[in-house]
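# A predicted structure for the sequence below; I have some questions about it.
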Amino acid sequence: MDILIIDDEQTIRQSIQLAVEAEDHYAETADSLKSSRLRLKEEKFDLIFLDLRLGDEDGLELLEEVIKKDPTQLVIIFTAYASVETAIEATRLGAYDYLAKPFTPGHLRGILLKAQKALKNREHIHTLETTVTELKTQADTSAPPTRFESEDAMMQGALEMLFRAASTPASILLLGESGTGKSVIAKAIHENSHLKDKPFVTVSCPSLSKELLESELFGHVRGAFTGAIKDAWGKVHAADGGTLFLDEIGELPLEVQPKLLRLLQEKEYERLGENKTRSGKVRVIAATNRDLKHMIAEGRFREDLYYRINVISVELPPLRARSSDLMNFAGDYLTHFSKQIGREIKDFSEKAIEQIRTYNWPGNLRELRNAIERATILSTTPAIEPRDLPSGNGEQSSTTSHIAPGGDVSLEELEAEHIRLTVDRFENLQDAARLLGIDKATLYRKRKKLQLD
């Protein structure tokens, strides 16, 4: 627990802080109403120890303020002026319990265990309430249903491995192109794990600068950098005991990688601008569309970090390689968006199905979802027609490729299209050749033979 100890006597504050930290809790102290209000304004504490006599100040005044702001806050009153009257008054105002000075270490441990149990019970009730709210709003949510069944053998194997590993503490690395559903699958892994009742917290690695990303992950103290006007906890603290999902970990700055490695290896971290070591027990799921091995070779990703996050590694196939699943996803999206906007559109025309099947979907599930949502809005007939589909996968586009596995194409045409799309994805031929499993010279010859230069 994160605990605030409020007492005007320094020896008392320090001795209680040492005793609390010996029980593996984190503790801060304050010696007056003013300093207490400042700390409570800046941070949220699981438990507050509050002395009723703070010099000439009355602790009951602060208790009233705290409970008024948050009736669920756990506050333990202690004082040398123990009496039944003060105990009754404190509990009437909302104090959780009462501890009279002097007290033994055993009494303190007992009250800590009692408070910790109460906190867990409240968290459980909050989780249940959140679940009920989610279930009530599920029918109206903007997100289409998630399909975890697949007719594709590669995807079946990937899902089987992931859900088998879900109940273990192993770190998981999800590989695949953008839009293949990595974040959705990460959440599903969490919900099928032993941590399902704990937090699931996402950090988007490409979205922030190095300094802000480090703060986002580990938190910071006031003055750590320009704009850090108060202490803040990071996502590691928020995810403590649960799952931390690092989206696009390949974009994680090299300077931050050793700190993440330390968290994974030693379960320890420090807030930005602070020297105090804190514990962080999180299960890490990472995802990326980058070639991490290539980045290691170039010195842009730490090899030791790679092996830490790569205990279980699964590559999610792109949508163009899952032709057997394509129309199932399209049908799910059509059903969802038709219901959402109140339209009676139940199917796709034969020509629309052909257009969907023969398009390569470089944006994968994300692109398919957007296309079906748009088509549902624009359609004026009982079935989706090619004209309803966005340019790029409907009749409006004259440059659309109709070459896809399983289609009426030759192996040479299929190879040429695959090479063309792969080369387009990378900045240089070396990376493209590595993904294709051939050397750069072979790729050059094939492009020349297939007239792709």
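Okay, I see it.
# So which residues make contact with whichever strand or helix holds V75?
Taking DSSP states H and E as the definition, V75 sits inside strand 74-79. Strand 74-79 is contacted by residues 7, 46-53, 59, 63, 66-67, 86-87, 90, 94-101, 103, 111, 115, 118-119 when judged by CB atoms under 8 Å, 6 or more residues apart in numbering. For glycine as for every other residue, the C-beta is placed from the backbone atoms N, C-alpha and C.
# Strands of the stretch 301-450 of the chain, start to end?
According to DSSP state E, counting those that start in this stretch, the stretch 301-450 of the chain carries its strands in the segments 312-315, 347-348, 383-384.
# C-alpha coordinates for the first one, PDB please?
Pointing back at strand 312-315 there. Taking C-alpha atoms only, strand 312-315 is exported to PDB below (Å, rounded to 0.1, in the frame of the first residue of the first chain):
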ATOM      1  CA  ILE A 312       6.600 -16.400 -25.800                       C
ATOM      2  CA  SER A 313       6.700 -14.900 -29.300                       C
ATOM      3  CA  VAL A 314       3.900 -15.200 -31.900                       C
ATOM      4  CA  GLU A 315       3.600 -13.600 -35.300                       C
END
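# For the remainder of this discussion, apply numbering that starts at 63.
All right, first residue 63 from here; so that's strand 374-377.
# packing partners for it?
Packing partners of strand 374-377 (3 or more CB pairs under 8 Å, 6 or more residues apart in numbering; DSSP states H and E): helix 215-227, strand 234-237.
# which of the residues in that strand are buried?
For strand 374-377, the neighbour count (16 or more other CB atoms under 10 Å) marks 374, 376 as buried.
# Repeat that for stretch 170-180.
170, 173-174, 177-178, 180.
# Stretch 222-230 too?
By 16+ other CB under 10 Å, the buried positions in stretch 222-230 come out as 224, 227-228.
# can you check stretch 90-103 too?
Residues 90-95, 98, 101-102 are the ones in stretch 90-103 that count as buried (16+ other CB under 10 Å).
# now swap in stretch 353-365 and tell me
353-354, 356-358, 363-364.
# so of the residues you listed, which ones are in helices?
354, 356-358 (DSSP state H).
# if we can go back for a sec, any chance of a ChimeraX selection covering the buried ones in the contacts of strand 136-141?
The following ChimeraX line selects those of the contacts of strand 136-141 that are buried, judged by 16+ other CB under 10 Å:
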select :69,108,109,110,111,112,113,114,115,121,125,128,129,148,149,152,156,157,158,159,160,161,173,177,180,181
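# Narrow the contacts of strand 136-141 to those in strands?
Secondary structure from DSSP state E places 109-113, 115, 159-162 of the contacts of strand 136-141 in strands.
# hang on, the earlier thing: redo the strands of the stretch 363-512 of the chain as TSV? Include mean pLDDT and distance to H299.
Converted to TSV, the strands of the stretch 363-512 of the chain look like this (pLDDT from 0 to 100; distance: least, CB to CB, whole Å):
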stretch	mean pLDDT	distance to H299
strand 374-377	94	25
strand 409-410	94	47
strand 445-446	94	47
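# quick revisit: relative to E406, which of the buried residues of stretch 90-103 is nearest.
Ranked by distance to E406 (CB to CB), the buried residues of stretch 90-103 are led by L102 at 55.4 Å.
# Can you say which helix or strand has the closest one in it?
helix 95-104.
# what is the orientation angle of that helix with strand 109-113?
For helix 95-104 against strand 109-113, the angle by axes from the mean of the first three to the mean of the last three CA atoms, to 10 degrees is 170 degrees.
# Packing partners of helix 95-104?
strand 64-68, strand 88-92, helix 121-131.
# returning to that earlier point: just flag the most distant two among the ones in strands among the contacts of strand 136-141.
Most distant of the ones in strands among the contacts of strand 136-141, by CB to CB, are L109 and R115, 19.8 Å apart.
# L235: which of the strands of the stretch 363-512 of the chain is closest?
strand 374-377 (4.4 Å).
# List of residues touching that closest one?
220, 223-224, 227, 232-238.
# Enumerate every residue touching the residue nearest to N254 when sequence neighbours are not counted.
Distances taken as CB to CB, 6 or more residues apart in numbering place A228 nearest to N254, at 4.3 Å, with adjacent residues excluded. By CB under 8 Å, 6+ apart, the contact set of A228 is 251-252, 254-255.
# In those, find the pair that's most separated.
The farthest-apart pair in those, when distances are taken by CB to CB, is H252 and N254, at 7.4 Å.
# The two: which is more packed in?
Higher neighbour count among H252 and N254: H252, with 21 against 16, using other CB atoms under 10 Å.
# Now do the more buried one against E278, distance only.
19 Å (CB to CB, to the nearest Å).
# K297 too?
6 Å.
# tell me, what's touching these two both at once?
Residues touching both K297 and E278 (CB under 8 Å, 6+ apart) are V265.
# I'd like to know the average pLDDT value across stretch 275-290.
The average pLDDT for stretch 275-290 rounds to 86.
# Just confirm S400 contacts A437, I think it does.
No: checked against CB atoms under 8 Å, the pair S400 and A437 is beyond contact range at 10.3 Å.
# pLDDT at the closest residue to D93 other than its chain neighbours, what is it?
Distances taken as CB to CB, 6+ apart place D70 nearest to D93, at 5.3 Å, with adjacent residues excluded. Note for D70: predicted pLDDT of 87.
# do you know how far D70 is from S94?
From D70 to S94 the distance is 7 Å (CB to CB).
# list the residues that contact both of these two?
With CB under 8 Å, 6+ apart as the test, D70 and S94 both reach 116-117, 119.
# could these go into CSV alongside pLDDT?
As requested, the shared contacts of D70 and S94 are arranged in CSV below (pLDDT from 0 to 100):
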residue, pLDDT
L116, 84
G117, 80
E119, 85
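# out of the residues you listed, which is most surrounded?
The most crowded member of the shared contacts of D70 and S94, judged by other CB under 10 Å, is L116 (23 neighbours).
# I am finished for the moment; much appreciated.
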